[in-house]
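Chemist: All I have is the shape, not the residue letters:
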């Protein structure tokens, strides 16, 4: 390998490590925020905070070219957007669905850590 390809590979690995650190933090925040909303589903400030965290998760996934994960996050973000704009109620069923989505994110990121793609 040439020196420039070694540097490029090192940079890619550093980007992936930064991605995983950021995503782990975002997943923890999403879970905590969902637990809060589960206890007070009408709190618009908490729903807005959840939306912002999901938006960051979506963007971070997209930046790494993880299109499937970005698309799933976008769907979840759309649901949160409806709730934060009072166009949909954040019901127990909706929160359960978002928890299942969070489980999918966690599972996908375990696979991405190995394959570096979704």
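Modeler: All right, it came through fine. This structure is a prediction, so every number in the text was calculated from the model and none was measured.
Chemist: Provide a list of residue ranges in this protein with pLDDT below threshold.
Modeler: The chain contains residues with pLDDT under 70 at 1.
Chemist: all helices for it, in order.
Modeler: Assigned by DSSP state H, the helices in the chain fall at 3-39, 44-63, 67-84, 92-115.
Chemist: any chance of those helices in a markdown table, with mean neighbour count too?
Modeler: Where you see a C-beta, it was placed from the backbone N, CA and C, and this is true even at glycine. Below are the helices of the chain laid out as a markdown table (neighbours: other C-beta atoms under 10 Å):
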| stretch | mean neighbour count |
| --- | --- |
| helix 3-39 | 14 |
| helix 44-63 | 18 |
| helix 67-84 | 18 |
| helix 92-115 | 14 |
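Chemist: middle-most residue in this protein, spatially?
Modeler: The centre of the chain sits closest to residue 57, judged by C-alpha atoms, centre = their mean, with a distance of 3.4 Å.
Chemist: Can you tell me how far that residue is from residue 38?
Modeler: Per C-beta to C-beta, to the nearest Å, residue 57 is found 19 Å from residue 38.
Chemist: Same check on residue 76?
Modeler: Applying C-beta to C-beta to residue 76 and residue 38 gives a distance of 15 Å.
Chemist: Also residue 98?
Modeler: 9 Å.
Chemist: Please apply the same query to residue 86.
Modeler: From residue 86 to residue 38 the distance is 19 Å (C-beta to C-beta).
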